[in-house]
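Q: Have a look at this prediction, sequence included:
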Amino acid sequence: MSRIGRAPITVPAGVEITVADGNVITVKGPKGELTQAVSPAMEISVDAGVLTVARPNDDSMNRSLHGLTRTLVNNMVVGVTAGFTKTLEINGVGYRASKEGNNLVLNVGYSHPVNVPDNDDVQTEVPNPNQIIVKGIDKQKVGQFAAEIRGVRPPEPYKGKGIKYADEVIIRKEGKTGAK
């Protein structure tokens, strides 16, 4: 049995979960509303503030979907209550970020500044010129947007210059002089 899949999800106060036909789950909370269609094979039940996900049998596909479905629903509940954040750091001489309206402006060594517009689901903050915080209620969209920002100038292995996640470790290479 899936250890993740069989764990119940406690629904916090102020969060409303509805399961429509075809296992379309809608979660409403203080930060917003999320909708996700999950596999119709999974059996989802909500009673007394606890959501449980069960699988009909032990087929390989159902075993795979069991933990996935529970994790997707739990991420929706966490998203509408607390939200998700990713922190990016900018390393390099003259590399910096700034916020102009709804645009994130990156000066990262190109001949021109790179503009990354915020979208409706994800917001960015720049508390200092070398740090970017990506916030939102949908975990997948926050991670994708952070990856797109990082993709503007990924960190290089010799000096570590570029945009990296705050918890990312850049493995450094020695360079030409280290071969002697």
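A: Yep, that arrived.

Q: Which parts of the chain are helices?
A: 60-81, 139-150 (DSSP state H).

Q: so which of the ones you listed gets nearest G94?
A: Closest approach to G94 among the helices of the chain is made by helix 139-150 (17.9 Å; C-beta to C-beta). For glycine as for every other residue, the C-beta is placed from the backbone atoms N, C-alpha and C.

Q: In contact with A54: list those residues for me.
A: Contacts of A54 were listed using C-beta atoms under 8 Å, 6 or more residues apart in numbering, and they are M42, E43, I44, S45, H66.

Q: distance of it from D121?
A: As judged by C-beta to C-beta, to the nearest Å, A54 and D121 stand 31 Å apart.

Q: Redo the helices of the chain as CSV? Include mean neighbour count.
A: Written out in CSV, the entries for the helices of the chain read as follows (neighbours: other C-beta atoms under 10 Å):
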stretch, mean neighbour count
helix 60-81, 19
helix 139-150, 18
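
Q: where in the chain is pLDDT low?
A: The chain contains residues with pLDDT under 70 at 1-2, 178-180.

Q: Now for the closest residue to L104 other than its chain neighbours: which residues touch it?
A: Nearest residue to L104, sequence neighbours excluded (C-beta to C-beta, 6 or more residues apart in numbering): V116, at 4.4 Å. Going by C-beta under 8 Å, 6+ apart, V116 touches N103, L104, V105, L106, T124, E148, I149, V152.

Q: Show me which of those are buried.
A: The neighbour-count criterion (16 or more other C-beta atoms under 10 Å) marks L104, L106, T124, I149 among those as buried.

Q: beta partners of the third one?
A: In this structure, T124 has the following beta-bridge partners (DSSP bridges): V134.

Q: Quick check: it touching V105?
A: No: T124 is beyond contact range of V105, at 10.5 Å (criterion: C-beta atoms under 8 Å).

Q: Spell out which residues are contacts of both of these two.
A: Contacts common to T124 and V105, judged by C-beta under 8 Å, 6+ apart, are K99, V116.

Q: ranges for the strands of the chain?
A: 9-10, 16-20, 24-29, 32-37, 43-47, 50-54, 84-91, 96-100, 103-107, 114-117, 122-128, 131-136, 162-165 (DSSP state E).

Q: what packs against the second one?
A: Applying 3 or more C-beta pairs under 8 Å, 6 or more residues apart in numbering; DSSP states H and E, one finds that strand 16-20 makes contact with strand 24-29, strand 43-47.

Q: In the sheet, which strands lie alongside it, parallel or antiparallel?
A: Partners of strand 16-20 in its sheet, by DSSP bridges: strand 24-29 (antiparallel).

Q: Buried residues of the strand it pairs with, list them for me.
A: Neighbour-count burial for strand 24-29 [16+ other C-beta under 10 Å]: I25, V27, G29.
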